[in-house]
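S.K.: coords below, sequence missing:
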């Protein structure tokens, strides 16, 4: 349940609403959007109560609150994900991430521009990371991807450099001005990873790790939430709701393919999810065609198709020598293939009325 206050409402008006809620043993939290003050109501009172009684209580509270001064409307949202729903937040959310390589000093995800995030699946060495960072920046990436902590299906797979990997990512950011996105795997690691990263990534295996979602929600860091490999779109948006419910509005969804009966690709890249999510939610959405297909020769086609479908950005794996990669080399682009992708990406973005965010010195480097 949400109460939208008028732009001209006073603090006294807000307190009157909160008093009615308190009288009925309900809690209300304030959310100041760009154009309105919204009170989010905890729909379950402090004492246990049946579903029928909850519905009756909501009717009584609605009747009392809607006539109070300063109240504009009490929208009815039938979807189980309230904060992530476009019914609650009609305007698109734009997530701002600091990026020294841009003219503004930040990059916006969810706006007019398409944002490129590129880099190795896993941080392996300083030389590997810095070589890749320089190459992806030169051709238009503004965010560097790289895993310091990596989940592996097998316990014998490469699991990342940990803290040393985070330090190398921070060095790459300081050297080239790229923002950094890297995965966080446990609630206890959130504060540590936040010291080195600009965006926290929740991987497919952790989409429903609710304690982790709560913790990144409390961090207020930008978060990329990947779709679970077997998750329905509603389950994905409910996972985003966990983060939003903790007060973190900086959530970016990422389509990375789902598990189906098809074996020709590592996953089935569900491009239809992009326009579906755009219709259901105000949150920005990007796509990961590297994880989505598992084969580098498919990454370019699915990247261009993603942008055509409405993706706000791409998360692409690039490696100086994929054949020697410690993890996921088969789906990593070579630097030459990445350069070819970027040359075509600009044209596709223009064809659908968008443009690609570029570093401030992109033209000089590309000349």
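M.R.: Looks like it arrived, so ask away. Everything numeric here is computed off the predicted structure, so don't read it as measured data.

S.K.: centroid-nearest residue for the protein?
M.R.: residue 252 (1.8 Å; Cα atoms, centre = their mean).

S.K.: what about it, is that helix, strand or coil?
M.R.: The local conformation at residue 252, judged by DSSP: H, G, I helix; E, B strand; the rest coil, is strand.

S.K.: so it makes contact with residue 287?
M.R.: No - taking Cβ atoms under 8 Å as the definition, residue 252 is not a contact partner of residue 287, at 11.1 Å. The C-beta positions use only the backbone N, C-alpha and C, and glycine is treated the same way.

S.K.: what touches both of these two?
M.R.: With contacts taken as Cβ atoms under 8 Å, 6 or more residues apart in numbering, the residues that reach both residue 252 and residue 287 are residue 313.

S.K.: tell me how far the residue nearest to the centre of the chain lies from residue 147.
M.R.: 17 Å (Cβ to Cβ, to the nearest Å).

S.K.: what's the following helix or strand after the biggest helix by length in the chain?
M.R.: When the chain is parsed with DSSP state H, its longest helix is helix 335-351. Per DSSP states H and E, the first helix or strand lying C-terminal to helix 335-351 is strand 355-356.

S.K.: who does that next one touch, helix- and strand-wise?
M.R.: strand 113-119, helix 335-351 (3 or more Cβ pairs under 8 Å, 6 or more residues apart in numbering; DSSP states H and E).

S.K.: ranges for the helices of the stretch 51-200 of the chain?
M.R.: Along the stretch 51-200 of the chain, counting by DSSP state H, counting those that start in this stretch, helices occupy 51-65, 126-138, 163-176, 190-196.

S.K.: mind checking those for the one nearest to residue 41?
M.R.: Taking Cβ to Cβ, helix 51-65 is the member of those nearest to residue 41, at 7.7 Å.

S.K.: identify each buried residue in that closest one, please.
M.R.: Neighbour-count burial for helix 51-65, counted by 16 or more other Cβ atoms under 10 Å, picks out 57, 58, 61, 65.

S.K.: now, among these, which is nearest to residue 18?
M.R.: Closest to residue 18 out of the buried residues of helix 51-65 is residue 65 (10.0 Å), distances taken as Cβ to Cβ.

S.K.: which residues does that closest one contact?
M.R.: So residue 65 contacts 3, 17, 20, 21, 71, 74 (Cβ under 8 Å, 6+ apart).

S.K.: can you give me the distance of it to residue 31?
M.R.: Between residue 65 and residue 31 the computed distance is 16 Å (Cβ to Cβ).

S.K.: same deal with residue 192?
M.R.: Note on residue 192: its distance to residue 31, by Cβ to Cβ, is 29 Å.

S.K.: could you measure the closest residue to residue 287 other than its chain neighbours against residue 70, distance?
M.R.: Once flanking residues are discounted, residue 287 sits nearest to residue 306: 4.0 Å by Cβ to Cβ, 6 or more residues apart in numbering. Using Cβ to Cβ, residue 306 is found at 43 Å from residue 70.

S.K.: domain assignment for this protein?
M.R.: Annotated domains of the chain cover 2-73, 95-366 [automatic domain parsing].
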